[in-house]
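S.K.: let's see this in three dimensions:
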Amino acid sequence: MEVWDSIVIGAGQAGLSASFHLARRGVDHLVLDADAAPGGAWQHRWDSLSMHDVHGVHELPDEDRQQPGPTLPRREAANRAVPAYFAAYERRHDLPVLRPVRVDRVTDGPGALLSVHAQERTWLTRTLVNATGTWSQPYVPAYPGAHDFAGPQVHTRDYPGAEAFRGLRTVVVGGGASAVQLLGEIALVTDTLWVTRRPPLWRTDDFTPEVGRAAVALVHDRVRRGLPPASVVGVTGLALREQERAAQELGAYRRLPMFASLERDGVRWDDGSFEPAQAVVWATGFRPAVRHLAPLRLRSGLGGIQLDAHGTTAVEDPRVQLVGYGPSASTIGANRAGRFAARGVSRALVPHTDG
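M.R.: Have a look, this model is predicted:
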């Protein structure tokens, strides 16, 4: 069986960035992507998310650093524009992407190799770059009465658009950017309630590159200590965009504390108060998609996968690089993580090269 120098799992922003930098270093590698088409998680986002909302965070590294990345139409839906950009990028750089391949597990292979399994197929590799992100692992907290609630319950991942909630009094749960964005749409077609576990952190300054890097650094500190990664948005804070001002005027961003339980026709708080509701949107985020790495026992005693000072190399197994995890789970740090992961792969391959 052929032995690869590296295998990248996932062809989203972080995975393509890692593949680009591996190719520049001459590393013989393969990218395995679970989706049938290019675009990573972007292809699955809701139709109303436009390039006007993306602010360039989708951009990939290029050889010509003097030239800006392509300008995508601001009014075009991100779930069409970004996948088209990713597809063109794969072709232009001749990246070795194989799809659709859904990796089931990664195990120790013969000698010092790793075995990457996808149903009946197996690949052997000296190193691994895991770029599976979070989109495939939506998180919905368990609350009493959830199964008794009569109306629809939808996670951000499956958001069908605001029209699906017209006329349904809707509870939006979550304190992140997705909750703010979805409230901005849903509140224009129906009555809404916004509930979060903690009071939202609103940002009053501009979101500069320095602010983004500082936020990534704080999340990086957690994974260096082996803690589960925190949300980058939880550090950067929230800000209302121009298209959300109308919802603000309707009072959509008056936050309520988290309810204690759901009932058939609404939600109830600890103090006994009740609010009728006909739908719930769980904008409660995602968890890292790393279950396939469980056989490698990478988790620390604190519950997270501990990464080195560069933020990509697994401390428990330096053969493994993680991008799209922890500080690079946000698009803010994805490209930087791809570059560091390629360096980490090169370090791990030194014993296998002449000199």
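
S.K.: pretty sure residue 335 is in contact with residue 62, am I right?
M.R.: No. With contact defined as CB atoms under 8 Å, residue 335 does not reach residue 62; the gap is 10.2 Å. No exception for glycine: its C-beta is placed from N, CA and C like everyone else's.

S.K.: more neighbours, those two?
M.R.: Between residue 335 and residue 62, residue 335 has the larger neighbour count (other CB atoms under 10 Å), namely 22 against 15.

S.K.: okay, and that one sits in which element?
M.R.: Assigned by DSSP states H and E, residue 335 falls within helix 334-349.

S.K.: check which helices and strands that helix is in contact with.
M.R.: Helices and strands touching helix 334-349, by 3 or more CB pairs under 8 Å, 6 or more residues apart in numbering; DSSP states H and E, are strand 3-9, helix 13-24, strand 121-130, strand 320-322.

S.K.: I'd guessed residue 177 sits against residue 238; true?
M.R.: Yes. Assessed by CB under 8 Å, residue 177 is found in contact with residue 238 at 6.3 Å.

S.K.: mind listing what's buried in stretch 21-39?
M.R.: When neighbours are counted by 16 or more other CB atoms under 10 Å, the buried residues of stretch 21-39 are found to be 21-23, 27, 29-35, 38-39.

S.K.: likewise stretch 277-291?
M.R.: In stretch 277-291, the ones that count as buried by 16+ other CB under 10 Å are 277-286, 288-290.

S.K.: sorry, back to before: any idea how far the helix holding residue 335 is from the chain center?
M.R.: In terms of CA atoms, centre = their mean, to the nearest Å, the gap separating the centre of helix 334-349 from the centre of its chain is 19 Å.

S.K.: so where does the residue nearest to the spatial centre of the chain fall, helix or strand?
M.R.: Within the chain, the residue whose C-alpha comes closest to the C-alpha centroid is residue 134; the distance, by CA atoms, centre = their mean, is 4.2 Å. In this assignment (DSSP H and E), residue 134 forms part of neither any helix nor any strand.

S.K.: which residues of this structure score low on pLDDT?
M.R.: Counting by pLDDT under 70, the chain contains low-confidence residues at 53-58, 63-74, 204-237, 327-333, 352-355.

S.K.: tell me which residues are up against stretch 153-168.
M.R.: Applying CB atoms under 8 Å, 6 or more residues apart in numbering, the set of residues contacting stretch 153-168 from outside is 44, 46-48, 135, 138, 140, 146, 151-152, 174, 178, 182, 185-186, 188-190, 278-286.

S.K.: now do the strands in the stretch 201-350 of the chain.
M.R.: 255-257, 261-263, 266-268, 274-276, 279-282, 320-322 (DSSP state E, counting those that start in this stretch).

S.K.: next up, the contacts around the nearest residue to residue 86 once chain neighbours are set aside.
M.R.: What sits nearest to residue 86 in space, not counting adjacent residues and going by CB to CB, 6 or more residues apart in numbering, is residue 38, at 4.4 Å. Residues counted as contacts of residue 38 (CB under 8 Å, 6+ apart) are 11, 83, 86, 87, 90, 97.

S.K.: type out the ChimeraX command that picks the buried ones from those residues.
M.R.: For anyone working in ChimeraX, the buried entries among the contacts of residue 38, judged by 16+ other CB under 10 Å, can be selected with:
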select :11,83,86,90,97
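
S.K.: this structure: helices as residue ranges?
M.R.: Per DSSP state H, the chain has helices spanning 13-24, 78-92, 177-186, 209-224, 233-236, 245-249, 334-349. These are given in chain order.

S.K.: which one, of those, ends up nearest to residue 201?
M.R.: The minimum distance between residue 201 and these falls on helix 233-236, with 7.3 Å, by CB to CB.

S.K.: which of the helices and strands packed on helix 334-349 is buried the deepest?
M.R.: Across those, the average number of neighbours (mean count of other CB atoms under 10 Å) peaks for strand 320-322, which reaches a mean of 29.

S.K.: what domains does the record give for the protein?
M.R.: Under the assignment named as automatic domain parsing, the residue ranges that make up the domains of the chain are 3-136+286-352, 153-202+238-282.

S.K.: could you say which of the ones you listed is packed most deeply?
M.R.: domain 3-136+286-352 (a mean of 20).

S.K.: follow-up on the earlier one: can I get the strands of the stretch 201-350 of the chain in a markdown table with distance to residue 112?
M.R.: Putting the strands of the stretch 201-350 of the chain into a markdown table (distance: least, CB to CB, whole Å) gives the following:
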| stretch | distance to residue 112 |
| --- | --- |
| strand 255-257 | 52 |
| strand 261-263 | 51 |
| strand 266-268 | 54 |
| strand 274-276 | 58 |
| strand 279-282 | 43 |
| strand 320-322 | 13 |
